[in-house]
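In: structure here, sequence nowhere to be found:
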Ligand SMILES: NC(=O)C1=CN([C@@H]2O[C@H](COP(=O)(O)OP(=O)(O)OC[C@H]3O[C@@H](n4cnc5c(N)ncnc54)[C@H](OP(=O)(O)O)[C@@H]3O)[C@@H](O)[C@H]2O)C=CC1
Ligand SMILES: N[C@@H](CC=O)C(=O)O
């Protein structure tokens, strides 16, 4: 069935208001069904069993949930193709990862790293040509890129996070700490490291969070974090920005993968470097194919 523009617009408006798709009630006349998680899992598996092997049915995971891991793995077993924007299945255990990538021609997850940049395709191309990748450096979070640009322009972090943003294609909504903890970038780093053949888990990655553990989601409610917690961070980040600026540098949230090193965190970088020149939510990704960094690909 094809959804018409009116219906799709209603869906977009619902999500822009921060509501759940489960609350959908449309006047567009389109026939649709809203399924709870357990209903949708059962239906999906039934359909996958029917069409997976015979038609190469593709299951698409556009959630940000860990709950989809089981169904994606069953889909693979039932002969389906799997397509993911969701990073969580690919950053679960090595056992889950091995299952998901067990048929390389049947998995695609281009937007898990670099959003619209063809990062995964380019990296796979280099690796399948037989070249090895020595180093990856990138600014891989549109959200943290935007935050760093805004604090560089003198805005307090609390204001940047709390102000709805009209010009960017994201906003801090229900889970601001997914990005601010560095966890979302760490997941991207893990996906890249595993593509390079590293058999590591999330806990092997050194992650710098923009807030202390006492402001974590298991300690502080999201409203408290947004209204009070962030205010406590403003001074420190502004001091770091000013210190970098005195050296002619800027702060960027950077992912580095090299040898056994895999880390994500704030780095002070020259203003005129590829990452230093970034503004707003743009991403930059660069690989070096030899230790001297003379053979390089940048996106
Ligand atoms: N936004 C971006 O620019 C980019 C996003 N991504 C990735 O794409 C994914 C989606 O991002 P985004 O659209 O911003 O995230 P949202 O949180 O806005 O949307 C996630 C959707 O998934 C639904 N959902 C959550 N859990 C389940 C489940 N168990 N089964 C079925 N559906 C579920 C949610 O339902 P409900 O409506 O009920 O909450 C919601 O509609 C994320 O993994 C993100 O990291 C990747 C690249 C860029
Ligand atoms: N949170 C990411 C988007 C989804 O992966 C970003 O800020 O780039």
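Out: Perfect, I can see it now. Note that the coordinates shown come from a computational prediction; the quantities given were computed from them, not determined experimentally. Ligands and ions are numbered 1, 2, ... in the order given.
In: please, which helix or strand holds the residue lying closest to residue 204 once chain neighbours are set aside?
Out: Counting by C-beta to C-beta, 6 or more residues apart in numbering, residue 204 lies nearest to residue 262, which is 6.4 Å off, once chain neighbours are set aside. Every residue, glycine included, has its C-beta placed from N, CA and C. In this structure, residue 262 sits in strand 261-270 according to DSSP states H and E.
In: do residue 75 as well
Out: helix 69-77.
In: give the other helices and strands that the helix or strand following that helix contacts.
Out: With elements assigned by DSSP H and E, the helix or strand that comes after helix 69-77 is strand 81-84. Counting contacts by 3 or more C-beta pairs under 8 Å, 6 or more residues apart in numbering; DSSP states H and E, strand 81-84 is packed against strand 58-61, helix 69-77, strand 107-108.
In: of the ones you listed, which stretch is the most buried?
Out: Mean neighbours per residue, mean count of other C-beta atoms under 10 Å, is largest over the helices and strands packed on strand 81-84 for helix 69-77, with a mean of 19.
In: ok, and what's touching that one?
Out: 41, 44-45, 48, 52, 57, 59, 61, 82, 84, 88-89, 92, 96, 99-100, 102-103, 106-107 (C-beta atoms under 8 Å, 6 or more residues apart in numbering).
In: give me the contact list for the strand holding residue 262.
Out: Applying C-beta under 8 Å, 6+ apart, the contact partners of strand 261-270 are 148, 182, 185-186, 189-190, 193, 198, 200, 204-208, 210, 240, 243-244, 247-256, 275-276.
In: got the residues of the stretch 1-150 of the chain near ligand 1?
Out: 15, 20-22, 37, 40, 62-65, 67-68, 85-87, 111, 115 (C-beta under 6 Å from any ligand atom).
In: now which of those residues would you call buried?
Out: Applying 16 or more other C-beta atoms under 10 Å to these, the neighbour count classes 68, 86-87, 111, 115 as buried.
In: out of the residues of the stretch 1-150 of the chain next to ligand 1, list just those in strands.
Out: Judged by DSSP state E, strands contain none of these.
In: hmm, residue 112 and residue 120 touching each other?
Out: Yes. Counting by C-beta atoms under 8 Å, residue 120 touches residue 112, with 7.0 Å between them.
In: got the residues of the chain near ligand 2?
Out: So the chain meets ligand 2 at 115, 141-143, 170, 179, 184 (C-beta under 6 Å from any ligand atom).
In: what subset of those is buried?
Out: Buried members of the residues of the chain next to ligand 2, counted by 16+ other C-beta under 10 Å: 115, 141-143, 179, 184.
In: and residue 205, how far from ligand 2?
Out: For residue 205, the distance to ligand 2 equals 16 Å [C-beta to the nearest ligand atom, to the nearest Å].
In: got it, and residue 13?
Out: From residue 13 to ligand 2 the distance is 21 Å (C-beta to the nearest ligand atom).
In: what pLDDT does that residue get?
Out: Residue 13 is assigned 90 on the pLDDT scale.
In: which residues touch whichever strand or helix holds it?
Out: According to DSSP H and E, residue 13 maps onto helix 5-16. Helix 5-16 has contacts (C-beta under 8 Å, 6+ apart) with 3, 21, 23-24, 26, 28, 30, 32.
In: on that earlier part again, looking at the strand holding residue 262 now, give me its mean pLDDT.
Out: Mean pLDDT, strand 261-270: 97.
In: residues making contact with the helix or strand just after it?
Out: Using DSSP H and E, the helix or strand that follows strand 261-270 towards the C-terminus is strand 284-288. Strand 284-288 is contacted by residues 113-114, 117, 119, 122-123, 126, 133-140, 274-275, 278, 294-299 when judged by C-beta under 8 Å, 6+ apart.
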